[in-house]
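Visitor: How does the following fold in three dimensions:
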Amino acid sequence: MKSSLVSRLLSGTFWNGLALALNQGGTFLGSIIVARLLGQVAFGEYAIVLATLMSVSVLAQTGLAFAATKYIAEFRSVDPLRTGRIVGLCLVLGPALAALCALGVAVAAPWVARPALGSAKLALPLAVGALFILFYAANSYQVGALTGLERYRALVLPAAICMLLTLAAIAAGAKVGGVTGAVAGLSVATAIRWYLHQRTLKSECQKAGIAIASADIWREAPLLYGFALPAALSAFLIIPGLWITNAWLVRQPDGYVQLAHYAAAFTLRLTVMFVPALINSVGLSILNHSRQGRSVGYFAAAHRLNRLAMTGSTVAAALLVALGGRSLLGIFGSGFTAAGGSILWLLLASAVVESIFLGYFQIVQSAGRMWMALGAIALPWQVAFVGSAYFLIPHYGASGLAASNLIGVSAALLMTSIAAARLQEAGERSVMSLLGRFAEVLRLARWVRTQYYVRRNPVGYARSIGVTIGEGTQLYGGETATFGSEPYLVTIGKNCHITQEVRFITHDGMAGILRTRYPDIDLVARIRVGDNVAIGMRSIILPDVRIGNNCIIGCASVVNRDVPDNTIVAGVPARVIGNLEDYERKVVGQSIHTGALYGREKEQRLREIFAVGQPGGR
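Guide: Now for the predicted structure:
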């Protein structure tokens with residue numbers, strides 16, 4: 001089984017990789033040509049126009065590429081007739097939706113260029129780029145269908161032809177018409193690629209014994225809507241986020257120059273994600289094909305192999321690019337070398353995180369749980385990305401945008417790992433009802449909100465669950481487990497300091513072993529903490545304990561009895577080791593008097609007191 005998986009993965013990765021390298025190579029080398037021919041400012045304009053066109057193009061795909069890959073791979077061996085209907089439906093929906101979005105951009109270009117991109121002259125290249133949107137979006141379902149058929153070799157010849165055409169068309173267009181000409185050249189090359197892929201798809205379906213249907217195709221609409229619609233809605237969240245943050249960047253001082261630096265570094269990030277992306281594409285086809293007539297063990301082995309291959313290849317590629325980062329950025333021109341280093345390193349880190357995210361996301365995709373992905377993954381991802389960009393871009397420019405990219409994809413990884421774990425625990429193999437999907441999304445969304453709230457405002461969270469807390473009290477490192485199952489039985493006074501991993505336990509759970517003899521036995525009691533109390537890390541406060549005023553509880557203590565006022569206790573179980581008066585005499589004399597300082601001011605003063613150098617060796 002393993003040798004078969006490895007063979008399919010290696011073969012598919014090689015041919016798919018060759019095709020993807022040729023396609024992305026044309027875009028990559030085309031960007032270099034534009035940067036060298038037109039300079040940094042014009043390249044920044046080209047980058048924001050291309051980012052806008054790509055954003056709309058991905059939206060116009062409406063998830064058809066993913067749906068085509070999933071369902072063609074799943075049914076091609078067991079139900080060729082159904083597969084033919086799915087391909088036929090994609091052939092109708094893909095161009096229609098792409099044409100609708102392209103028309104919208106062509107009409108709206110003048111109203112988008114000035115207010116959003118900050119330059120009215122970009123209206124013309126945006127309008128010309130509507131042709132790119134039409135054929136790029138329509139091309140997506142073709143590639144998705146060929147991927148589902150595992151016909152990767154058939155993608156290579158069209159990609160090779162189009163790479164040469166792309167370079168020639170972009171170079172000629174840039175020389176003749178500047179940014180508009182470069183966009184026009186790219187659009188023409190994309191149209192030719194769509195034509196070549198259309199012919200290839202029909203030929204490969206015929207070889208596979210699949211007759212592309214034109215009748216009864218709408219019978220398969222529920223499948224595509226159940227998968228493609230939430231995938232499209234996820235794109236509606238993700239792609240506009242990329243465009244909005246780029247637009248924020250260009251509106252900063254020297255914004256187009258900063259965007260040029262970001263675009264150059266992001267182009268190198270795309271090269272790092274090249275192999276993981278194609279492994280992900282091949283792996284998805286294999287995983288979905290294994291859902292029909294294969295054992296659970298085969299699916300698990302395929303997923304494990306695919307995930308390890310993606311992560312390992314990304315780490316290796318990121319290290320290579322990081323080592324040669326300055327030289328690689330210099331390809332775009334001398335002005336890119338110095339400014340792009342920190343941007344590149346942040347983007348490389350986000351690439352590694354994204355490869356791990358993609359590995360776990362395959363479980364969600366192959367289970368068809370795209371409604372879960374929409375609410376529990378895409379939404380937190382974009383909230384983290386766009387929210388952090390809003391605060392970071394004005395202060396750090398392109399580096400802030402790169403940092404936001406890392407923050408966003410880290411949030412996506414966290415949510416995806418949780419969702420994947422839940423699916424695996426439940427042995428997810430079926431498609432849930434819409435109501436069930438919605439309930440799943442709500443549960444995960446509530447969990448995310450709670451985790452955010454308890455860390456953002458631990459005192460507010462504690463009060464919301466019933467804890468009585470006095471004014472001036474602070475909780476450090478909030479956790480949902482701090483107050484146990486009866487938080488409403490805990491009372492904390494004013495001006496207290498509760499540190500990390502403290503636990504207030506209001507019931508004796510060990511009494512459960514007596515329930516066979518005493519079914520209703522339950523030992524529950526209140527906990528009261530007075531004013532001006534400090535409780536050290538990892539301390540445990542047990543039921544029916546009253547802590548007086550002006551007390552200190554040492555770290556990792558277990559408090560199982562009352563603590564008198566003005567007392568210091570520590571240990572397991574906690575015992576009196578001093579009083580507040582002795583502690584005051586000791587610490588006042590040792591104070592370095594920085595308690596009223598905060599942030600950088602405090603850090604600077606501490607470095608001076610302890611003769612510690614500045615960060616980074618300064």
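Visitor: Closest to the mean position in the protein, which residue would that be?
Guide: For the chain, the residue lying nearest the average C-alpha position, counting by C-alpha atoms, centre = their mean, turns out to be residue 409 (2.7 Å).
Visitor: what does the model give it for pLDDT?
Guide: Note for residue 409: predicted pLDDT of 89.
Visitor: you'd agree residue 50 is up against residue 179?
Guide: No - look at residue 50 against residue 179 with C-beta atoms under 8 Å: they stay out of range, at 9.6 Å. Every C-beta, even on glycine, is put in place using the N, C-alpha and C of the backbone.
Visitor: more neighbours, these two?
Guide: Neighbour comparison, residue 50 and residue 179: the larger count goes to residue 179, with 26 against 22 (by other C-beta atoms under 10 Å).
Visitor: Next up, the contacts around the more buried one.
Guide: Contacts for residue 179 (C-beta atoms under 8 Å, 6 or more residues apart in numbering) come out as 34, 38, 42, 45, 46, 49, 122, 125.
Visitor: quick one: the third one and residue 36 touch, right?
Guide: What that stands for is residue 42. No - contact criterion C-beta under 8 Å: residue 42 and residue 36 do not qualify, at 10.6 Å.
Visitor: Show me which of these two is the more surrounded one.
Guide: Neighbour count, other C-beta under 10 Å: between residue 42 and residue 36, residue 42 has more, with 18 against 14.
Visitor: Let me see the mean pLDDT of the helix or strand containing the more buried one.
Guide: Using DSSP states H and E, residue 42 sits in helix 2-61. For helix 2-61, the mean pLDDT works out to 74.
Visitor: about what we covered before: may I see the contacts of residue 179 arranged in CSV, with distance to residue 552 as well?
Guide: What follows is the contacts of residue 179, written out as CSV (distance: C-beta to C-beta, whole Å):
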residue, distance to residue 552
34, 66
38, 67
42, 65
45, 62
46, 63
49, 63
122, 64
125, 67
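Visitor: Now the helix or strand residue 100 falls within: buried residues?
Guide: According to DSSP H and E, residue 100 maps onto helix 80-117. Across helix 80-117, burial judged by 16 or more other C-beta atoms under 10 Å covers 82-91, 93-95, 97-99, 101-102, 105-106, 109, 112-113, 116-117.
Visitor: and if you look at stretch 29-39?
Guide: Neighbour-count burial for stretch 29-39 [16+ other C-beta under 10 Å]: 29, 30, 31, 32, 33, 34, 35, 37, 38.
Visitor: cool, and stretch 557-577?
Guide: Buried residues in stretch 557-577 (16+ other C-beta under 10 Å): 557, 558, 559, 563, 566, 567, 568, 569, 570, 574.
Visitor: before we move on, what SS does the nearest residue to residue 578 once chain neighbours are set aside have?
Guide: Once flanking residues are discounted, residue 578 sits nearest to residue 568: 4.2 Å by C-beta to C-beta, 6 or more residues apart in numbering. With DSSP: H, G, I helix; E, B strand; the rest coil as the basis, residue 568 sits in strand.
Visitor: Contact partners for residue 568?
Guide: The contact partners of residue 568, taken as C-beta under 8 Å, 6+ apart, are 551, 552, 554, 576, 577, 578, 579, 580, 582, 583.
Visitor: Swap in 6 Å and give it another go.
Guide: Applying C-beta atoms under 6 Å, 6 or more residues apart in numbering, we find residue 568 in contact with 552, 577, 578, 583.
Visitor: buried subset of those residues?
Guide: 552, 583.
Visitor: Let's see which of the contacts of residue 568 end up in helices.
Guide: Using DSSP state H, residue 583 are the members of the contacts of residue 568 that sit in helices.
Visitor: where does residue 375 land in three-state SS?
Guide: Following three-state DSSP, residue 375 is assigned to helix.
Visitor: Neighbours of it, how many?
Guide: Residue 375 has 23 nearby residues by other C-beta under 10 Å.
Visitor: and the helix holding residue 100, average pLDDT?
Guide: In this model, helix 80-117 has a mean pLDDT of 81.
Visitor: how big is the angle separating it from helix 2-61?
Guide: On the basis of axes from the mean of the first three to the mean of the last three C-alpha atoms, to 10 degrees, helix 80-117 is oriented at 50 degrees to helix 2-61.
Visitor: gap between the two ends of stretch 517-526?
Guide: Using C-alpha to C-alpha, to the nearest Å, the span of stretch 517-526 from its first residue to its last is 25 Å.
Visitor: and residue 405, what element?
Guide: helix 398-426.
Visitor: Which neighbouring elements make contact with that helix?
Guide: helix 255-272, helix 341-366, helix 379-396 (3 or more C-beta pairs under 6 Å, 6 or more residues apart in numbering; DSSP states H and E).
Visitor: again, only using 7 Å
Guide: Packing partners of helix 398-426 (3 or more C-beta pairs under 7 Å, 6 or more residues apart in numbering; DSSP states H and E): helix 221-250, helix 255-272, helix 341-366, helix 379-396, helix 434-456.
Visitor: Give the other helices and strands that the first one contacts.
Guide: So that's helix 221-250. helix 2-61, helix 64-75, helix 80-117, helix 255-272, helix 370-373, helix 379-396, helix 398-426.
Visitor: what's the second one packed up against?
Guide: Judged by 3+ C-beta pairs under 7 Å, 6+ apart, the packing partners of helix 64-75 are helix 80-117, helix 130-148, helix 221-250, helix 274-289.
Visitor: tell me the angle the third one makes with helix 80-117.
Guide: In other words, helix 221-250. Going by the same axes, to 10 degrees, helix 221-250 makes 20 degrees with helix 80-117.
Visitor: what's the spacing between helix 221-250 and its chain's center?
Guide: 13 Å (C-alpha atoms, centre = their mean, to the nearest Å).
Visitor: With the longest one instead?
Guide: Helix 80-117 has its C-alpha centroid displaced from the chain centroid by 25 Å (C-alpha atoms, centre = their mean).
Visitor: Could you list the domains of this protein?
Guide: Annotated domains of the chain cover 2-452, 466-599 [automatic domain parsing].
Visitor: Please look at residue 344 and residue 326 and confirm they touch.
Guide: No - Residue 344 is not in contact with residue 326 according to C-beta atoms under 7 Å; the separation is 8.7 Å.
Visitor: Helix or strand: which one has residue 491?
Guide: Applying DSSP H and E, one finds residue 491 within strand 490-492.
Visitor: packing partners for that strand?
Guide: Partner elements for strand 490-492 (3+ C-beta pairs under 7 Å, 6+ apart): strand 468-469, strand 527-529.
Visitor: Could you dump those strands into JSON lines and include distance to residue 129?
Guide: Output for those, formatted as JSON lines (distance: least, C-beta to C-beta, whole Å):
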{"stretch": "strand 468-469", "distance to residue 129": "57"}
{"stretch": "strand 527-529", "distance to residue 129": "64"}
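Visitor: if we can go back for a sec, nearest to residue 209, of the contacts of residue 568?
Guide: If you rank these by distance to residue 209 using C-beta to C-beta, residue 552 comes first, at 78.5 Å.
Visitor: was I right about that closest one contacting residue 532?
Guide: No - using C-beta under 7 Å as the test, residue 552 is too far from residue 532 to be in contact (9.8 Å).
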